[in-house]
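S.K.: Predicted structure and sequence below. I'll ask about it afterward.
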Number of protein chains: 2
Amino acid sequence: MPRPRSLTRPGIAAAALAVIDRAGLAALTMRSVAGELGVATMSLYRYVADREELEALVVEHVLAGVDLSVPPGDWRDQVTVLLERVREAVCEHRHVVPLLVRHRHAVPASLSWIEAMLTVLDGAGFTGRRRVLAQRTLVSFVIGVLQNEYHGPLAGAGTAAMAELSTADFPLLAETAAQARGVSAEEEFHEGLRIVLRGLG
Amino acid sequence: MPRPRSLTRPGIAAAALAVIDRAGLAALTMRSVAGELGVATMSLYRYVADREELEALVVEHVLAGVDLSVPPGDWRDQVTVLLERVREAVCEHRHVVPLLVRHRHAVPASLSWIEAMLTVLDGAGFTGRRRVLAQRTLVSFVIGVLQNEYHGPLAGAGTAAMAELSTADFPLLAETAAQARGVSAEEEFHEGLRIVLRGLG
DNA sequence: CTCTGTAGGCGTACGTTGTACATCTACGTC
DNA sequence: GACGTAGATGTACAACGTACGCCTACAGAG
């Protein structure tokens, strides 16, 4: 008998993501999302408990698009594919990086992704505590890389500023920062992952 | 001739840190820090440009206490010591983790720490792009680990909830989460670091 | 000791945010 | 066509960062 709903949670997530993509994370407010949807601010509270839940909804929406199938072959390639897909999904909406870090624990799509990772590791012979540590280390790495790329990209102003530092105070930093400007985000990610995988193997 | 200042930037940083340690990151406001110091809110703006700068000040204060000397011996042990010290400093004030991630690029103590790391890597024979990638991978790892420990500790409620998940939907996740509850934060950190170092070697 | 210029300290006020609360409204069902 | 229910909304408030301008305390000159 009741009045039917006029919004959906995925629709709200998409609207929030549109706001973030267009105007950055700081522009994400309950008012801006409601405006994007053409409804009153308080209408959102019929679908999410609070702002926290809206943010989690955005993360779920981004992660939901990640393909969890893996190709046959070496487990290293399988892990690489799963990490690459997350990175790709996040890079299409780079401003969600801080949200991903804060909310990935509360998001179903994240659990499914972890299950996929564990399946690969299990197939590679990782069991018990070794599997726990392999999984956590890989997750730590990918979270760290995404944070690094977001807050301090090698091609960005921060690195450029370091390259201009006094070589008397920071001899290696200045030199290394100059080198770093020629390293792409993709190279940083893949080479870092190769290092971690070698350590696991 | 002017009126002498009654506060110092380190003093403000210490007050902010005290607020954070006592009441959490959400309690960090310009008003609460001013209250901690016994001055009016607007007085802080004679010392910091805005809230951003106050947050950076807190990160600087935490990182400034990190010993940058390294023991003679294997470079792996030297890297381990430098990472351990950062982790130790941050863990004493665990609520600064999000601030560390956001502001470490704008903080002098962070630059000195990076220089120390690069010196170790240089001594180990890392040069050029290889040194860039080694440095960035180690930083990504430590940032990721700290984030992981902060937002989703293995001993915390999130892991416990995963362990209770349906084994039909998440067979490996449920089992692995149960295992994970017995892994300490120290073990996670050290074993993860061992993996990365092995990959670098 | 008095005077004064300067910069620090602070009171007030404004725009923005998240969201509690009460009210209004539109629709499936009878 | 009437009704009950749950969705949609308007209003309002507390807390936040901070712009602005006034007041005040002190070092140095006289």
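M.R.: Done, it's in.
S.K.: can you count the residues close to A:S43?
M.R.: Number of residues near A:S43 (other Cβ atoms under 10 Å in any protein chain shown) recorded here: 16. From N, CA and C alone the C-beta is placed, and that goes for glycine too.
S.K.: residues contacting it?
M.R.: Taking Cβ atoms under 8 Å, 6 or more residues apart in numbering or on different chains, we find A:S43 in contact with A:7, A:34, A:37.
S.K.: got the residues of chain A near DNA strand D?
M.R.: Within chain A, the residues that sit near DNA strand D (Cβ under 7 Å from any atom of the strand) are A:1-7, A:39-43, A:45-47.
S.K.: Mind doing that once more with 6 Å?
M.R.: Contacts of chain A with DNA strand D, taken as Cβ under 6 Å from any atom of the strand, map to A:1-3, A:5-7, A:39-40, A:42-43, A:46.
S.K.: Buried among the residues you listed? Need that as a selection in PyMOL.
M.R.: Buried residues among the residues of chain A next to DNA strand D (16 or more other Cβ atoms under 10 Å in any protein chain shown), as a PyMOL selection:
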select buried, chain A and resi 7+39+43
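S.K.: I'd like the residues of chain A next to DNA strand D as TSV, with pLDDT and secondary structure appended.
M.R.: Below are the residues of chain A next to DNA strand D laid out as TSV (pLDDT from 0 to 100; DSSP: H, G, I helix; E, B strand; the rest coil):
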residue	pLDDT	secondary structure
A:M1	75	coil
A:P2	80	coil
A:R3	86	coil
A:R5	94	coil
A:S6	95	coil
A:L7	97	coil
A:V39	98	coil
A:A40	98	coil
A:M42	98	helix
A:S43	98	helix
A:R46	98	helix
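S.K.: of the residues of chain A next to DNA strand D, closest to B:G24?
M.R.: Nearest to B:G24 among the residues of chain A next to DNA strand D: A:M42, at 27.8 Å, using Cβ to Cβ.
S.K.: how close does that closest one get to A:A124?
M.R.: According to Cβ to Cβ, to the nearest Å, A:M42 stands 50 Å off from A:A124.
S.K.: again with A:T80
M.R.: Separation of A:T80 from A:A124 (Cβ to Cβ) stands at 12 Å.
S.K.: Give me the buried positions along stretch A:20-40.
M.R.: For stretch A:20-40, by 16+ other Cβ under 10 Å, it's A:20, A:28, A:30, A:32-34, A:36-37, A:39.
S.K.: Tell me which of those residues fall in helices.
M.R.: A:20, A:30, A:32-34, A:36-37 (DSSP state H).
S.K.: near DNA strand C, which of those show up?
M.R.: Among these, DNA strand C is touched by A:M30 when using Cβ under 6 Å from any atom of the strand.
S.K.: can you list the ones in helices among the buried residues of stretch A:20-40 in a markdown table and add pLDDT?
M.R.: Formatted as a markdown table, these follow (pLDDT from 0 to 100):
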| residue | pLDDT |
| --- | --- |
| A:I20 | 98 |
| A:M30 | 98 |
| A:S32 | 98 |
| A:V33 | 98 |
| A:A34 | 98 |
| A:E36 | 98 |
| A:L37 | 98 |
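S.K.: Out of the ones in helices among the buried residues of stretch A:20-40, which comes closest to A:E52?
M.R.: A:M30 (11.4 Å).
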